[in-house]
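Engineer: Turn this into a model:
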Amino acid sequence: MLDTSLPRPAVGRSFASTRRVRLADMDATGRVRLDAIARFLQDIAIDDVQETGWGTPEHLWFVRRIRVEVRTPLLEDRELELVTWCSGLAAIAAGRRWSVSGDRGGRVEVDSVWIHLGPDQRPARIESFGLYAEATGGRPVSTRLELPLPSADVRRTAWPLRATDVDLHGHVNNAVHWQAIEDVLRSRQFDASSPLVAELDYRDPIDLADPLELAVQECTEGLALGFCVGSGVRAAARLCAMRGRG
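Structural biologist: Prediction:
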């Protein structure tokens with residue numbers, strides 16, 4: 001269970017950085033988009049592990065599940081402060097928390113689980129994790145996926161991929177999923193200028209040649225989204241308005 005309420009640890013490692021919001025990070029209203037936030041999160045995570053020797057080429061990290069709580073939307077914020085730390089640990093996976101605050105009062109809290117791979121791109125045990133492990137306070141994490149898959153009868157819409165969607169690992173980058181989510185928010189007239197919760201389960205990689213289709217349906221909580229290729233679902237997302245937490 002992902003927990004975005006976990007505070008920054010008093011012991012162990014945490015890593016902080018800043019990002020300036022640029023023109024391409026915003027929608028037409030000036031709101032910082034979810035895909036831009038995802039890129040910022042990804043970049044600071046990479047900066048963190050590269051600094052400690054837990055990055056490439058010896059260690060690869062692939063996101064398994066993420067929960068993004070936009071508690072105060074980044075509507076006018078142009079300078080962001082990001083802090084990240086390890087939120088939990090399992091044999092071959094680790095949790096990563098981020099806290100994002102903007103210069104105009106915007107706030108985003110995120111928790112996630114990442115699978116650890118060795119240089120051969122196979123799952124590898126995490127050993128001697130040092131200050132990262134200390135920051136977890138002994139909290140475990142699970143790689144179990146939680147979001148339901150779309151119903152078989154849900155209408156699908158083609159979402160063509162571009163060469164620029166693929167990163168160094170040869171698959172569609174994590175942040176591209178959030179571009180699709182932004183498209184869905186717009187087409188369904190979902191109010192992204194208000195607090196919201198977005199969850200995403202990454203099941204399998206998406207490749208450039210895949211005929212990707214989006215399956216969107218209304219659910220009790222809000223909207224459910226499937227990233228479908230043929231009969232399979234490569235990722236699943238859920239979007240809902242945030243209630244009861246500020």
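
Engineer: show me what contacts Ala163?
Structural biologist: Leu208 (C-beta atoms under 8 Å, 6 or more residues apart in numbering). Bear in mind the C-beta positions are built from the backbone N, C-alpha and C, glycine included.

Engineer: Report pLDDT for it.
Structural biologist: pLDDT recorded at Ala163 is 98.

Engineer: Can you spell out which helices and strands pack onto the longest helix belonging to the chain?
Structural biologist: With secondary structure taken from DSSP state H, the chain has its longest helix at helix 34-52. Packed against helix 34-52 by the contact rule (3 or more C-beta pairs under 8 Å, 6 or more residues apart in numbering; DSSP states H and E) you find strand 14-20, strand 60-72, strand 79-89, strand 93-102, helix 130-136, helix 174-187.

Engineer: quick one, that helix and strand 14-20 angle?
Structural biologist: Computed with axes from the mean of the first three to the mean of the last three C-alpha atoms, to 10 degrees, the direction of helix 34-52 lies at 130 degrees from that of strand 14-20.

Engineer: and helix 34-52, average pLDDT?
Structural biologist: On average, helix 34-52 scores 98.

Engineer: do you know how far Ile181 is from Val49?
Structural biologist: 25 Å (C-beta to C-beta, to the nearest Å).

Engineer: Chain neighbours aside, what residue packs nearest to the residue nearest in space to the middle of the chain?
Structural biologist: With distances taken as C-alpha atoms, centre = their mean, Ile66 lies nearest the centre of the chain, 4.6 Å away. Spatial nearest neighbour of Ile66, excluding adjacent residues (C-beta to C-beta, 6 or more residues apart in numbering): Ser112 at 4.0 Å.

Engineer: Might you report the residue contacts of that neighbour?
Structural biologist: So Ser112 contacts Leu2, Val63, Arg64, Arg65, Ile66, Arg67, Gly95, Arg96, Arg97, Trp98 (C-beta under 8 Å, 6+ apart).

Engineer: Tell me which two of the residues you listed sit farthest apart.
Structural biologist: Largest separation among the contacts of Ser112 by C-beta to C-beta: Arg64 and Trp98, giving 15.5 Å.

Engineer: Who has more neighbours out of these two?
Structural biologist: Taking neighbours as other C-beta atoms under 10 Å, Arg64 and Trp98 compare with Trp98 leading, 24 against 20.

Engineer: partners of the more buried one in the sheet?
Structural biologist: Assessed by DSSP bridges, Trp98 has beta-bridge partners Thr84, Val110.

Engineer: What separation do you get for it and Cys86?
Structural biologist: Taken as C-beta to C-beta, the span from Trp98 to Cys86 is 11 Å.

Engineer: State the three-state secondary structure for the residue nearest to Ile66.
Structural biologist: The local conformation at Ser112, judged by DSSP: H, G, I helix; E, B strand; the rest coil, is strand.

Engineer: care to break the chain down by domain?
Structural biologist: Split into domains by automatic domain parsing, the chain comes to 14-136, 156-241.
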